[in-house]
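A.B. asks: need coordinates for the below:
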Amino acid sequence: MHARSSSLILSLAGMGGAFAQGATHPAAPATAISATEINAEMERKNTGALADSVLRVLPVESGYNVGVSVVRRSQVDGKTPPDAIVHDAITEVYQVIEGGGVLVTGGALEAPTPFPIDGAIVRQIIGPSSSGTVIVGGTRHRVGPGDIVVIPPHTPHGFVEITSERIVYTLIRVDPQQLLELRSGPDQ
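C.D. replies: Sure thing, here's the model as predicted:
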């Protein structure tokens with residue numbers, strides 16, 4: 001399947017403090033990520049139940065970073081692998097582009113274990129975070145193509161059911177503490 005939009009555009013100039021009264025800063029350049037690039041990441045053959053392909057992590061003039069990824073989650077032997085995580089500083093915005101599932105948000109992580117703060121996954125993808133064995137409580141959201149979910153920091157979340165062979169979504173990470181390593185393009 002292919003993304004339905006022609007491209008994903010992050011208008012970096014309008015984010016953050018640009019709406020402040022009397023702002024006289026020149027507009028920052030925007031970054032466009034084409035549907036071709038998103039579709040290529042969707043179709044990459046990765047093994048395993050999870051693939052989080054970071055396309056960009058960009059600084060924004062008003063003092064935060066924005067990361068853009070394509071995430072693919074697959075069933076393993078017809079079952080949804082365990083998925084329970086919480087981020088200390090990063091807000092995530094999912095937009096489902098293929099497949100479907102049930103995402104739980106809120107509640108509490110059972111047996112939370114912090115990721116190593118100096119590990120590549122923390123520096124390059126998720127920021128300071130903890131994983132758990134399961135989410136206790138929370139709200140169940142059935143999601144499918146076109147749906148958007150905004151997950152603030154300190155909100156446990158995870159897929160408890162993938163209702164198709166896989167679910168694919170774009171993921172925007174808002175990093176107000178500029179913890180994620182910058183990545184300006186697909187070759188970096």
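
A.B. asks: Thr170 contacts Arg72, correct?
C.D. replies: No - contact criterion Cβ atoms under 8 Å: Thr170 and Arg72 do not qualify, at 11.0 Å. Yep, even glycine has a C-beta here, placed from its N, CA and C like the rest.

A.B. asks: immediately after the helix or strand encompassing Thr36, which helix or strand?
C.D. replies: If you go by DSSP states H and E, Thr36 is part of helix 35-43. Sequence-wise, the next helix or strand downstream of helix 35-43 (DSSP H and E) is strand 50-60.

A.B. asks: ok, back up a step: name the helices or strands packed onto the helix holding Thr36?
C.D. replies: Judged by 3 or more Cβ pairs under 8 Å, 6 or more residues apart in numbering; DSSP states H and E, helix 35-43 is in contact with strand 7-10, strand 50-60, strand 64-74, strand 91-98.

A.B. asks: go through those strands and pick out the most buried.
C.D. replies: strand 64-74 (a mean of 21; mean count of other Cβ atoms under 10 Å).

A.B. asks: does Gln178 touch Val60 like I think?
C.D. replies: No - using Cβ under 8 Å, Gln178 is not in contact with Val60; the gap is 9.3 Å.

A.B. asks: kindly format the C-alpha coordinates of the helix holding Thr36 as CSV.
C.D. replies: Output of helix 35-43 as CSV, limited to C-alpha atoms (Å, rounded to 0.1, in the frame of the first residue of the first chain):
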residue,chain,number,x,y,z
ALA,A,35,5.6,10.3,-0.2
THR,A,36,8.2,8.4,-2.3
GLU,A,37,10.7,8.4,0.6
ILE,A,38,7.9,7.4,3.1
ASN,A,39,6.7,4.6,0.8
ALA,A,40,10.3,3.3,0.3
GLU,A,41,10.7,3.0,4.1
MET,A,42,7.3,1.3,4.3
GLU,A,43,8.3,-1.3,1.9
